[in-house]
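Asker: Give the three-dimensional model of this entry:
(chains A, B, C and D)
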There are 2 protein chains.
Amino acid sequence: MTIESRAGARARRDIIDAALSAFAQDGFSATSVQHIADAADTSKSGVLYHFDSKERMLDAAITPALDALETILNGLPPRLTSAALEDVIVAFVDFLLAHRREAAIVLIQGRSLASVPVMSRANQLVADLAEAIEAAAPNPSVKLRVGVGLAGTAYVLATGDAYAPDLTPQPDDEVRATLIGVLSDLFARET
Amino acid sequence: MTIESRAGARARRDIIDAALSAFAQDGFSATSVQHIADAADTSKSGVLYHFDSKERMLDAAITPALDALETILNGLPPRLTSAALEDVIVAFVDFLLAHRREAAIVLIQGRSLASVPVMSRANQLVADLAEAIEAAAPNPSVKLRVGVGLAGTAYVLATGDAYAPDLTPQPDDEVRATLIGVLSDLFARET
DNA sequence: ACAAAACCTGACCAAACGGTCTGATACCCT
DNA sequence: AGGGTATCAGACCGTTTGGTCAGGTTTTGT
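Answerer: Just a heads-up that it's a prediction; the model follows:
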């Protein structure tokens, strides 16, 4: 029986869940193992039994999301047509909707935690995605527009409502449609 | 003679400068006073002589930028016409260009440091600005578009090039014009 | 020139941190 | 039923942290 046994899996998931929320809200270095333990209703030792170190907790917490992002990347055609571009935009927005906390962590702490292996991987994936999408842009100005769109979309979804307090109560479907529209427009428009 | 005397002012400015860069790059809680001291070529005690605590350093570092933002806010007419809106957008972009590091700190750590008074003020200012601009939006969908634009603009300028590595070498003038264009478009477009 | 204020250093401290270790409890398989 | 293992809790440890303090040096005002 592996460490992923059925009975012990719940505590493990609770810990990851608590860590994910804490890392996204308070930041990695500002989050103590004790705090995670409290949130997961266990002890510090209990946490460190499942994950050898704090860094490994971060690894376990965001790796699934990174795998999902990598899957999107691997599905990209070598050269993006504008029809394929639409698909990528949709996939990216859906990815953000599904992994808000992980996205917030990478978006906000990707640079400062670059020395952590899993974060290095995350940064690479983000750079690859941005490069792939921006490669379809005809000139630097459109690249910048797209950069703003991608970053803004990620930020709004990841942080929830810091810059737009009134909009999060909207159903996700509407938000999704609007965000896809924004990104598409930013591409289509010529300056 | 006050503490702002001429001879001592340089060390003080060096410290603030080092703190600003460190807080923006590595985060407040991940930055040690010792690190700031090293970067400012002084000792930990030297730093803590000029600023009683780490929090007060943060305060001193970003307060000037917050004052500038507040000035922009106070200049807003009670109801934004579309011409006035353009002015606000320009002022905001210029503000971001002038205070990238401070913007990065607020943007990225505004939530997690909300308990620090100066950060609470920063969050309030940002919320006020967003509210003023979004109040000019005709419907929730445009609000979301504007939210994406504001956040994206701030993020791209603050973090430099995380999501658009190729564009920062551009001269600021071009970046400025493009960003103003993006924000204006996001407003003008109806979904 | 000289006293006072400003400035800086090194030693020091209590608290909090991530992580280890020992042992107790719960669970599983045969 | 019972041995083995997974799962935790509490005490503990070395390190690092923000911050204090006493003392020395430089600068300033007169």
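Asker: Show the low-confidence segments of chain A, by residue range.
Answerer: A:1-8, A:161-170, A:189-191 (pLDDT under 70).
Asker: Could I get the full set of helices for it?
Answerer: A:9-26, A:33-39, A:44-50, A:54-74, A:82-98, A:100-109, A:117-135, A:140-159, A:172-188 (DSSP state H).
Asker: so does the third one get close to DNA strand C?
Answerer: Yes: Helix A:44-50 comes into contact with DNA strand C (CB under 7 Å from any atom of the strand), by way of A:44-45, A:48. For the C-beta atoms, the positions are set from N, CA and C on the backbone; glycine is no exception.
Asker: top of those by neighbour count?
Answerer: Counting neighbours by other CB atoms under 10 Å in any protein chain shown, A:Leu48 leads these with 17 neighbours.
Asker: Leaving out sequence neighbours, find the closest residue to that residue.
Answerer: In space, and not counting its chain neighbours, A:Leu48 is closest to A:Val33: 6.6 Å by CB to CB, 6 or more residues apart in numbering or on different chains.
Asker: thought the one you found was touching A:Lys54?
Answerer: Yes: the pair A:Val33 and A:Lys54 passes the contact test of CB atoms under 8 Å, sitting 5.9 Å apart.
Asker: what about A:Thr159, distance to DNA strand D?
Answerer: According to CB to the nearest atom of the strand, to the nearest Å, A:Thr159 stands 25 Å off from DNA strand D.
Asker: correction: A:Ile15
Answerer: Taken as CB to the nearest atom of the strand, the span from A:Ile15 to DNA strand D is 8 Å.
Asker: Please apply the same query to A:Ser115.
Answerer: 14 Å.
Asker: Give me the neighbour count for the residue in chain A that chain B sits nearest to.
Answerer: Residue of chain A nearest chain B, by CB to the nearest CB: A:Gly152 (2.5 Å). Close neighbours of A:Gly152, defined as other CB under 10 Å, add up to 32.
Asker: related to what we said a few turns ago, give me the number of residues near the residue nearest to A:Leu48?
Answerer: As a burial measure, A:Val33 scores 18 neighbours (other CB under 10 Å).
Asker: Next up, the contacts around it.
Answerer: For A:Val33, the contact set (CB atoms under 8 Å, 6 or more residues apart in numbering or on different chains) comprises A:44, A:47-48, A:54.
Asker: switch to 6 Å and redo it
Answerer: By CB atoms under 6 Å, 6 or more residues apart in numbering or on different chains, the contact set of A:Val33 is A:44, A:47, A:54.
Asker: Then A:Phe28?
Answerer: A:109, A:113.
Asker: Close to chain B: what parts of chain A are there?
Answerer: Chain A comes close to chain B at residues A:26-27, A:29-30, A:108, A:112, A:130, A:140-141, A:143-145, A:147-153, A:155-156, A:163-164, A:167, A:178, A:181-182, A:185, A:191, as judged by CB under 6 Å from any CB of the partner chain.
Asker: Take those and, keeping just the buried ones, write it as a PyMOL select command.
Answerer: Those of the residues of chain A next to chain B that count as buried under 16 or more other CB atoms under 10 Å in any protein chain shown are selected in PyMOL with:
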select buried, chain A and resi 26+27+29+30+108+112+130+140+141+143+144+145+147+148+149+150+151+152+153+155+156+163+164+167+178+181+182+185
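Asker: Could you verify my assumption that the residue of chain A closest to chain B touches B:Val146?
Answerer: No: using CB atoms under 6 Å, A:Gly152 makes no contact with B:Val146, being 9.6 Å away.
Asker: Could you give the number of residues near A:Ala114?
Answerer: Neighbourhood size, A:Ala114 [other CB under 10 Å]: 12.
Asker: Apart from its neighbours in sequence, what residue is nearest A:Phe51?
Answerer: Here the residue nearest A:Phe51, using CB to CB, 6+ apart, is A:Met57, at 4.3 Å.
Asker: First residue to last residue on stretch A:108-123, what's the distance there?
Answerer: End-to-end distance of stretch A:108-123 (CA to CA, to the nearest Å): 11 Å.
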